[in-house]
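Student: Predicted model and sequence follow; I will ask about them next.
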Amino acid sequence: MSIDKVVLEKIRQKLRESNQTEKLIIEIVNLLNKKENENLNIEEKNQIIENIIKEIKT
Amino acid sequence: MKLNLLGWKCEGLRCPDFNFELDNNGSDSATFLQMPNGTGKTTTLRLLKRSLYKHDFKSTEIDQYKARNNEYKKEGFFQAKFSVEGNVFYTTIKFDFEKKTYSYSSSSTNQGGQLSTFKLPNEIENIVDKELVDLLFVDLELDVKPMFRSHQTGAQEAIRKFCKINLLKNIIEDFEDYKNKKRKENIKSGNIQTEINTEETRRNKILNKILEVEKKAEEYKKYLNETENEYVEGKRRLDEILENDTLRKNKIKEYELRRDNIKSKYDEILIKNFESIKSIGTYDSNLKTEIIKFVEDLDEMGLPEEEVRIFFDKILKKQNCICGELLTAEKIKIIQKEMNSFISIKEAGIITAIKAIVSENINKKEQVDLNLNSKKIQEYKQELDALNTNIKLVRDRALKDDIELSKKIEDLKKDREIKSKFLDEIINQEWKARHNEENTESLISLKEQKRIVDKKLAELSGTKDIEEKVLKLTEIIEDAMQEAEIQISREIALECNKKINIMFVKENIEQKNPIFINSIDKNIVLDGQSEASTGQEARIGILFLLTILERSTIQFPLIVDTPVKGMDSAAKRRTAKFISELKSQFLCFVIDEDRPNFTDEFFNLNKKNSNFITAFRRSDEFDKMANLEDSNQVKNLSYNGQVVHGYNFFSKFTERQDK
C-alpha cells in the first residue's frame, strides 16, 4: 500500500478519538487498500460502503 | 527498490527517429541530454511520461506527434525502457496517424512475453500513477518556481499526490455518491416529492457554482504564475529608473511620507465616525425623534411583558372577574391563554433591550458632532487624493521614456491584486445566512449551503440516518487529512533542511547564505525571506521533490527540463555541484548555452559516472561534426536523426550555420 503511513495513522487516531469501533477502522483501511490495489466494481464498492455505514456511530 | 529509466526509441514521429541508451555508464549516474531547439524535446518528455501510465490520447494530440512534410509516415511508435530492481521492462505506444488511433503494449523480462496492453511490473503497478509521474518529470519554470509563490499550491499538491492524501478525498466522494444514490431511491409522493425536486435543483446549482469557482481559481492561479516574472522584472526595472533619478525619487519619498501620515489620520477619523454613527444619540434628525417616540409608546402601552403578566396575575387571583361575574375554571383558562398570546417572553426581552440601548445612547452620547467628523473626512480625503495625484505625476515624469512599461506594470498590478484577493479572501469567506449560490463565490459558503440542502433533502427523503453517518465519517476523514498534511509537511521541511545543511553548508555549495525552509503550507515558505534567486529556488525545489519521493520504498528517477534556465554563472556552478551530490538517478535536458559553468563544471566534478548525450536532427553540418568524432564514441544513426554519446562531442556541439 503506497498511501503514506502518517495518513493511515491519522485516520486510525481520528476514528478512535470519535469512539468508533476497531471493526470500522479495519473496514476503512481495507477500503483504502482495495481502492488502490483492485479495480472495484460499483456493486462491490457499495457493499463495502454499506457495511461501513452500518458500523458508524454518530 | 529502484526504478530506473534506461532509454527510449522513437520512429515515425515529429521528432527525428532516435534510439537513446542511458545505461552505457551505469544508470545511477546523472545524464545530460543536449538537444537543440526544435529536435522534439517536448514530444519526448510527454511520451516518456505517458509510458508510465495509461494515457487516453485524443485524436488532436495524436496529430501533434505526426511527422511533418516529407518525413510523414502512416505509423509511428515510442518505446521506453525501464528497470525495476534490475528487471528490464518496456512500454510501447504505437500510433496510426491515418486512423488517428493508438495502442499500448508492454513486456518485461521477469513476466515474459509481450502484452498487447499497458501493464507495469507487479512491484510498481499500484504505486506508479499519473499523479506520481507528474512529480518525476519536472519543468523548472512550470513546476518548481510556482512552488515558492504565495498564491500557488504546487508544493501542497505535490504532497497530496505523492502521499496519496487524495485517496481519502476519493473515499469521501464514494460515500457522497452512495448517499445520493440512496436518497434518490427513496421516491416520495405529492408535495414532498415536489419539495425534494426543488431542493435537488438547488443542490445542482450549488455544485455547478462550486465547479465554476474552482475553475476560476485555477485560471487565476495560472495567470498569477504566468505574469509573475513579467511583473517582478518590470517593477524592478521601473524601480531602477526611479532610483537613478535622485531629485524625483526624493520628491516621491516626501509625498509618500505625507500621504502615509494623512492616511493614518483619515483611517482614524473613519473609525471614530463609524462608532459615532452606531450611537442613536448622535442623530439630529427625524430618525432620532421617531426612535425616542417609539420607546415612549412602548412605555405608554405598559409594555414590556413583565408588567402585563403582573396585571393578569392579579386578575386571576381574584374571586370575581373584572366584569363582576364569578371567575370559573373555564374563564381562568381563557384569561391564561390570552395572557400568553399577548406577548411572549422572547418579544419582551427584545423590547426591554431596545429600550435600554436607546436610553443609554440618548443619555451618554448626545454630544458627538457628526458634521465635524464629516468635514474632517472630506478634508483628509481631498489631501490624500492630491498627494496620490502628485506621486503619480512625478512618477510619470520620471518614467516618461518608459511610459508603456509603466502602464503595463500598473495594469498588471491591478489585475494581479484582483486575482490575489479572489484567491486569498473571496473564496475563503465565511458562510452567511443571506448567501445563496448566486451572490457568493466563497467555496466555504457554497459547501455549507450544500450541506444545509443535503440535510433538508435527507429529512424529506427519509435518509436522515445515512446522511448523518456519512457526514460524521466525512468530518473524521477531513480532520485526518488536514492533520496528516500538516505533519507530513513538517517532516518534509525538516528533512529538506537537513539536506540543505549537509549539501549546501557542509559541501560548500552555499556556505555563506544558505536558505532554509520555514514551512510548507500551500507553497514552500523560506526562512526570513519571501523569495530566493532562480538558482536557489531550483535547488530547494529539486530537494523538496526528492525528499517527497524518498518517502516511498521505491527510489525514483528525477527528470528535469531546463535545470539552469535564468541562472547566473555562479548559480549554474552551484547547481552542477548540487546534482553531483544527488543519490537518485537524475536526467536533465540542456542546450548548448548551458554548458559553460554547468555541464562543464559537472564534468570536472564527476568524470566517471555521468552520461553526456547529444541528439540532433541530421544536417550536413552536424553530420560532418559527428564524422570527425572519435570512432569509439557510441553513435546511433537513423535516416533523419543521430544520437552521439560522450563528453567530447557534447562539449563541442553547436550550430554554427544559420539556416
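Tutor: Cool, the structure landed. Numbering: from 1, shown residues only, chains lettered A, B, ... in the order given.

Student: contacts, neighbours, all on C-alpha from now
Tutor: Noted.

Student: residues from chain A in reach of chain B?
Tutor: A:1-4, A:6-7, A:10-11, A:14-15, A:18, A:32, A:36-37, A:46, A:49, A:53, A:56-58 (C-alpha under 8 Å from any C-alpha of the partner chain).

Student: Out of these, which end up buried?
Tutor: Neighbour counting by 16 or more other C-alpha atoms under 10 Å in any protein chain shown classes A:2-4, A:6-7, A:10-11, A:14-15, A:32, A:36, A:46, A:49, A:53, A:56 among those as buried.

Student: Out of the residues you listed, list just those in helices.
Tutor: Members of those lying in helices (criterion: DSSP state H): A:6-7, A:10-11, A:14-15, A:32, A:36, A:46, A:49, A:53.

Student: Can you tell me the SS state at the nearest residue to residue B:44 once chain neighbours are set aside?
Tutor: Closest residue in space to residue B:44, ignoring its immediate chain neighbours: residue B:15 at 7.8 Å, by C-alpha to C-alpha, 6 or more residues apart in numbering or on different chains. Following DSSP: H, G, I helix; E, B strand; the rest coil, the label given to residue B:15 is coil.

Student: before we move on, what about the one 5 residues further on?
Tutor: Secondary structure of residue B:20, reduced to three states by three-state DSSP: strand.

Student: Of all residues in the chain, which one is nearest the centre?
Tutor: With no chain named, the answer covers chain A. residue A:28 (0.7 Å; C-alpha atoms, centre = their mean).

Student: hm, I was asking about chain B
Tutor: Nearest to the geometric centre of chain B sits residue B:153, at 3.0 Å (C-alpha atoms, centre = their mean).

Student: any idea how far chain A is from the residue nearest to it when sequence neighbours are not counted?
Tutor: Closest residue to residue B:153 in three dimensions, ignoring its sequence neighbours and counting by C-alpha to C-alpha, 6+ apart: residue B:522, at 4.6 Å. To chain A, residue B:522 is 18 Å away according to C-alpha to the nearest C-alpha, to the nearest Å.

Student: How confident is the prediction for residue B:522, by pLDDT?
Tutor: Predicted confidence (pLDDT) for residue B:522: 85.

Student: my guess is it is in a strand, correct?
Tutor: No: judged by three-state DSSP, residue B:522 forms no part of a strand; its state is coil.

Student: Near chain A, which residues of chain B are found?
Tutor: Going by C-alpha under 8 Å from any C-alpha, the residues of chain B near chain A are B:126-127, B:163-165, B:167-168, B:171, B:175, B:178, B:466, B:468-470, B:472-473, B:476-477, B:479-481, B:483-485, B:487-488, B:551-552.

Student: Pull out the buried residues from the helix or strand bottoming out on mean pLDDT in chain A.
Tutor: Least confident helix or strand, chain A: helix A:22-37 with a mean of 89, by mean pLDDT, DSSP states H and E. Residues of helix A:22-37 classed as buried: A:24-25, A:27-28, A:31-32, A:35-36 (neighbour count, 16+ other C-alpha under 10 Å).

Student: Pass me the low-pLDDT residue ranges in chain A, would you?
Tutor: Under the criterion pLDDT under 70, the flagged ranges of chain A are A:1.

Student: one more time with 80
Tutor: The model of chain A has pLDDT under 80 over residues A:1-2, A:36-39.

Student: ok, the buried ones among the residues of chain A next to chain B vs residue B:536, which is closest?
Tutor: Distance to residue B:536, by C-alpha to C-alpha, is smallest for residue A:4 among these, at 28.3 Å.
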